[in-house]
Each structure stands twice: as C-alpha cells, then as structure tokens.
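Engineer: could you work out the structure for the sequence below:
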Amino acid sequence: MELQSLTDRARLILGELVESYLATGAPVGSRTLSKSDSLGLSPASIRNVMADLEDSGLLYAPHVSAGRLPTEAGLRLFVSGLLERGNLTLEERASLEAQAKDTGLNFNQVLEEAGSKLSGLSSLTGLVMAPKAQTRLRQIEFVPLSIEQALIVLVDEKGKVENRLLDLPTGFSAGQLKAASNFLSAHLAGKTLVQGLVDLKILLNQQRNEAEILSKGLVEKGLTQMAKDQEELVFIVRGQSHLLNDVKAQEDFERLQSLLDALETTETMQRLLAEADNAMGVQVYLGSESDLFGLSGFSLVLSSYKVGDKSLVGAVGVIGPTHMNYGRIVPMVDYTAQVMERVLRS
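Structural biologist: Have a look, this model is predicted:
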C-alpha cells in the first residue's frame, strides 16, 4: 500500500500507534491514542480509523480484547514514509568517532570496535561485516625449490610478503618460471589479487604464447586459491545477549537461534553485503518480509561503507526486535558507516 492512499487522519493515527508500539512493544488502544495532543480525536473516532487500517492489513489485534499492533506492512509503511530520524547526541558522536582517533588499531580491531560501540549505544546487537583487507600488488615471483615445487611470492604495495607452496607439472624450467613471474607482475601490478585475476583470466583466454599458457596453468593452481583466501569475509557480532531480552517462549528462542545460525553462513553474509552495496543509504529489513532471514520477530538496520579505494564493500548494522527505536537506530548506523569510511581511508 502507498502512503498517499491513506487519509491525513489515518496517517496520523498510524504514525502515533507505531510510535507507541516502538516505545513499549505492547498493543495500543484507542483510549491511549485519544490522549495524544497531536490527534485531538475521541476514542470512538480513533477506533473507526483503526478498523479501516486493520481492514487494509496495516494493523492487527493479537487478542480479541487487546489494542492493535502494526503488521509488517504497517511497519514498512511507517519506516519508509512516516519515520522521523532523530539526531545523535554529542556524546554518542564522540563515542563512535573515538576509533577514528586511535591510529594504533589494525583492520580487524576497527571492525570489532565498531560492533562493540553500536551494541553499547543501541543496547541491541551490533553487526559488522567486511571482506578481508586487501592491498594492491607490486610484484609476483615464482621461486623454484625443486623440479616439482615452487614458491609463489606476492609482494604488496606496502612491502608485505605472502607466499604459498605450489606443485609444478613436469618439465617446468627455472627460465619458464621467471618468464611467468615477469608476465604476471606486469599484468597484476597495481591491482588487488582478486581484481587482477578477473582481468588476467580474460587476457589469457585471448592470447596463446608460451609464457601466457604457462601463467594460465599457474593461476589455476595457486593464485586462484590465494584469491579465494582473500575473499573470505570478516563477520563480527557484539551484544547477542540483548536479543534474549525479547525472548519469551521456546519458539522465540528457536527463531533467534536460527537467525544467528543464518547470519554466520558465508552465503548470508555475501548476500547482505551485496544488498548493502546495491542500495542507497541505510536499509531496514523487517522480520519475514526479507528472505535473508526467513523469520519474523527481528529487524536489521544495515548500511554499507567503502573500504580503501572503494572497490570493496563492508556493512555495519544493528539487529533487534521489530519494535526497536528506528528513529534513533537508523542515524546511528548511518553515522557509524561514515566513521568507518573515514577510519579505513586514513
């Protein structure tokens, strides 16, 4: 349903009801809403509008005599069109920016600090995802160890050296290894290994001289595996215990465990990163409306950030009950993503 299809009165009542629900997590009745100065309506008038909103699938009654709760469709309408984003306090901004001033933190420590800060400030579960840190390559060299083995040596732009043992097919000479080293260094220099391999495989399929054929074999044997290692994701969750605050039954606990199990899979993390990369700004995933979780009862507020030269994407977010304070959490996640970009760019 489009927000424009609701009357002004219906939009006001839906907004007030959802705000009350987000603050308490409890059903909201017409008598409670009638006390709002911004509405100025009688309980009877409010009940009539609430009945229309229920018929539209935006509200529901958990019990016959209870007030009303927003459905996921009602929450989506509120978050997308009625939500008023708050402002972070000076203390909250200072806390999130503290990591930007600590130049002694390495990549993983920056991610861990961001997850802890988000969890602490939101009193919910903080989530941080990122590809492993990658730097641009400066040189690739194959060092012969015997007629059967060689060492692949990668030197990045910062002088860091990484190596991997490689079994050689029969008949490879030291001269051929040297030619392969020169060829690969020329084509991969200035690129990350993952980026370089994508371009290189296209190039090797187009050209057929001896050095290139040799290089193609070595890529398939060693470099591709090293690239896969670098494609692994860093996944950090802080404050899982906060999710237990809304677990009231065994069924809730089982759903929570399924959610945490799903988040720890590489497939889910890759999908979340892809979603964050393709989206503009902060995204809010409400319960079962997203097949990323396939569950109801929890929401995820997520924002992407760019790493280094912006070729790699990470994401920060907060997981909590559907009645979390989105007006406060959305700007908090957004600001954390901005801080992450500044830290990792420096």
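Engineer: helix or strand for Leu41, which one?
Structural biologist: Assigned by DSSP states H and E, Leu41 falls within no helix or strand.
Engineer: can I assume it is in contact with Arg31?
Structural biologist: No. Leu41 is not in contact with Arg31 according to C-beta atoms under 8 Å; the separation is 11.3 Å. For the C-beta atoms, the positions are set from N, CA and C on the backbone; glycine is no exception.
Engineer: quick one, which of those two is more surrounded?
Structural biologist: Remark: of Leu41 and Arg31, Leu41 carries more neighbours, 19 against 12, as counted by other C-beta atoms under 10 Å.
Engineer: what's the local residue count around the nearest residue to that one once chain neighbours are set aside?
Structural biologist: Leaving aside its sequence neighbours, Leu41 sits nearest to Ser34 (C-beta to C-beta, 6 or more residues apart in numbering; 6.2 Å). For Ser34, the neighbour count with other C-beta under 10 Å is 16.
Engineer: do Ile319 as well
Structural biologist: If you count neighbours by other C-beta under 10 Å, Ile319 ends up with 28.
Engineer: for the helix or strand where it lies, packing partners?
Structural biologist: Per DSSP H and E, Ile319 falls inside strand 312-321. Under the contact definition 3 or more C-beta pairs under 8 Å, 6 or more residues apart in numbering; DSSP states H and E, strand 312-321 sits against helix 107-122, strand 125-131, helix 266-278, strand 298-307, helix 326-345.
Engineer: and those, which is most packed in?
Structural biologist: Of all the helices and strands packed on strand 312-321, strand 125-131 has the most neighbours on average by mean count of other C-beta atoms under 10 Å, namely a mean of 25.
Engineer: please name the strands paired to that one in the sheet, noting orientation.
Structural biologist: Applying DSSP bridges to the sheet, strand 125-131 is found paired with strand 233-238 (antiparallel), strand 312-321 (antiparallel).
Engineer: quick one: the last one to chain centroid distance?
Structural biologist: Centroid separation for strand 312-321 versus its chain: 4 Å, with C-alpha atoms, centre = their mean, to the nearest Å.
Engineer: what do you get for the shortest one?
Structural biologist: A distance of 10 Å separates the centroid of the chain from that of strand 233-238, by C-alpha atoms, centre = their mean.
Engineer: ok, residues contacting that strand?
Structural biologist: 107-108, 111-112, 115-116, 118-119, 125-132, 260, 263-264, 266, 269-270, 273 (C-beta atoms under 8 Å, 6 or more residues apart in numbering).
Engineer: do that again at 6 Å, thanks
Structural biologist: For strand 233-238, contacts defined as C-beta atoms under 6 Å, 6 or more residues apart in numbering pick out Leu111, Glu112, Gly115, Ser116, Ser119, Gly126, Leu127, Val128, Met129, Ala130, Met269.
Engineer: and the fifth one, what does it touch?
Structural biologist: To tie it back to what came earlier, the one meant is Ser119. Counted by C-beta under 6 Å, 6+ apart, Ser119 has contacts Gly126, Arg238, Gly239.
Engineer: go again with 10 Å.
Structural biologist: Shown in contact with Ser119 (C-beta atoms under 10 Å, 6 or more residues apart in numbering): Thr125, Gly126, Leu127, Val237, Arg238, Gly239, Gln240, Ser241, His242, Val318, Ile319.
Engineer: skip the chain neighbours and tell me the closest residue to it.
Structural biologist: That would be Gly239: by C-beta to C-beta, 6+ apart, it lies 3.0 Å from Ser119.
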